[in-house]
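In: Turn this into a structure:
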Amino acid sequence: EAGDPALASKYYRDVIKMNPPYEFSFNARINRASVFMAGTDNAKEIKDELRKMLKDDKNSDFKDQIYFAQGNVAFREGNVDEAIELYKLSSATSIGNTQQKTSTCLTLADIYYERQDYEMADFYYDSAAVYLTSDYPDYDEFIQKTASLSLLVENLNIIQLEVSLHKLAGLDEASRLAIIDSIISQLQLAEQLAREEEARAMQDQQYNRMALNQSQRSGYATEQGGKWYFYNQAAKGVGQPEFRMKWGTRKLEDNWRRYNKREISFEALEGAEGAADSNGVMAEKQKVLSNKSREFYLKDIPMNDSMMEISHNNIQTALHAAGGIYKNELKDFDEAIITYSDILERYPNS
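Out: Just a heads-up that it's a prediction; the model follows:
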């Protein structure tokens, strides 16, 4: 608290030498890494301690904290790329510790923001926002910042998509279909790998689930007694850990399983489906295409003048929006100048 990391490190080291209870020893090592200062502390000693902690079975549930501590050491030594990889490992292994998950995501987001990698910064700020509450310091500023970044990334994605579609439109049919088929193949491979990974994870969890059910089965049978599930403590004792093993810690909210949480208005859909033209003929329902079909990608390619005009208007609108966010929200005037110059170059008569 006094801003003396060297003295803090000394005291944490003294704690470790006292052979204290493991909780004290663990936290002393983690905190010592958090106050590490390059050139004033024994980096090799701290790194060796953290590596040993990773190999210790007692720390299997605390790897997220250890990776984060390793990342802090690497960052303070100036090895930012190495620190990023260690922070990512921390985030990936953090399941039940929401405080550590939030700290890790915020740290990564700040690094990417400083690097002006706004897409990655938006991703990690958004991940941290899941667990932040209104009592977080400068919460309103944080929410405004994440909203600006999300809108910026949305517009940058529009530009990237439309430019890619222009390139596809300029190819001959054979080349165009070859690229689309390649995208579909990559998507199919990624889904197959995801299914295999999920199957392995389920196998790894099977023993834990069986042990959990076995240990609590007798209590479940005696306490059930006609109670509704959520009033039955034994049933909850089985269900809650099983849920966490599969899904991790989830914020209580609608559409919790969805990556994209934009809600669908079923009333609007029903209204659209029930719409009829002046002759009383039902409007044709929009065909839902699979993202593993050629038609899914071909439908958006601007192959005529009217579609190309719409595409260019989308690019102009997105460029103007991005330039305004750089200038007014993020105060990144260099990127604002680049974006506005891009508009003048692409659309001199706009």
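In: where are the low-confidence patches of the stretch 1-150 of the chain?
Out: 39-41 (pLDDT under 70).
In: got the residue ranges for the helices in this structure?
Out: 5-17, 22-34, 43-55, 63-76, 80-93, 98-114, 118-129, 139-169, 173-224, 233-247, 266-273, 294-298, 305-324, 333-346 (DSSP state H).
In: So which bits of the last one are buried?
Out: When you say that, I think you mean helix 333-346. 335-336, 339-340, 343 (16 or more other C-beta atoms under 10 Å). Using the backbone N, CA and C atoms, a C-beta is placed for each residue, glycine as well.
In: now could you export just the CA positions of it as CSV?
Out: Below are the C-alpha coordinates for helix 333-346, written out as CSV (Å, rounded to 0.1, in the frame of the first residue of the first chain):
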residue,chain,number,x,y,z
PHE,A,333,-6.5,11.0,-33.6
ASP,A,334,-4.0,9.2,-35.7
GLU,A,335,-6.5,6.4,-36.5
ALA,A,336,-9.2,9.0,-37.1
ILE,A,337,-7.0,10.8,-39.7
ILE,A,338,-6.2,7.5,-41.4
THR,A,339,-9.9,6.6,-41.5
TYR,A,340,-11.1,10.0,-42.8
SER,A,341,-8.3,10.0,-45.4
ASP,A,342,-9.5,6.5,-46.5
ILE,A,343,-13.0,7.9,-47.1
LEU,A,344,-11.6,10.7,-49.2
GLU,A,345,-9.4,8.3,-51.2
ARG,A,346,-12.2,5.7,-51.8
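In: name the helices or strands packed onto that helix?
Out: On a contact count with 3 or more C-beta pairs under 8 Å, 6 or more residues apart in numbering; DSSP states H and E, helix 333-346 meets helix 305-324.
In: please redo it, this time with the cut-off set to 10 Å
Out: helix 139-169, helix 305-324 (3 or more C-beta pairs under 10 Å, 6 or more residues apart in numbering; DSSP states H and E).
In: Let me see the mean pLDDT of it.
Out: When pLDDT is averaged along helix 333-346, the result is 96.
In: Other residues contacting it?
Out: 116, 118, 152, 155-156, 159, 163, 312, 315-316, 318-328, 330, 332, 350 (C-beta atoms under 10 Å, 6 or more residues apart in numbering).
In: distance between that helix and the chain's centre?
Out: 29 Å (C-alpha atoms, centre = their mean, to the nearest Å).
In: can you check the third one too?
Out: Average the C-alpha atoms of helix 43-55, do the same for its chain, and the two points are 28 Å apart (C-alpha atoms, centre = their mean).
In: ok, now the first one?
Out: Going by C-alpha atoms, centre = their mean, the spacing between the C-alpha centre of helix 5-17 and its chain's C-alpha centre is 35 Å.
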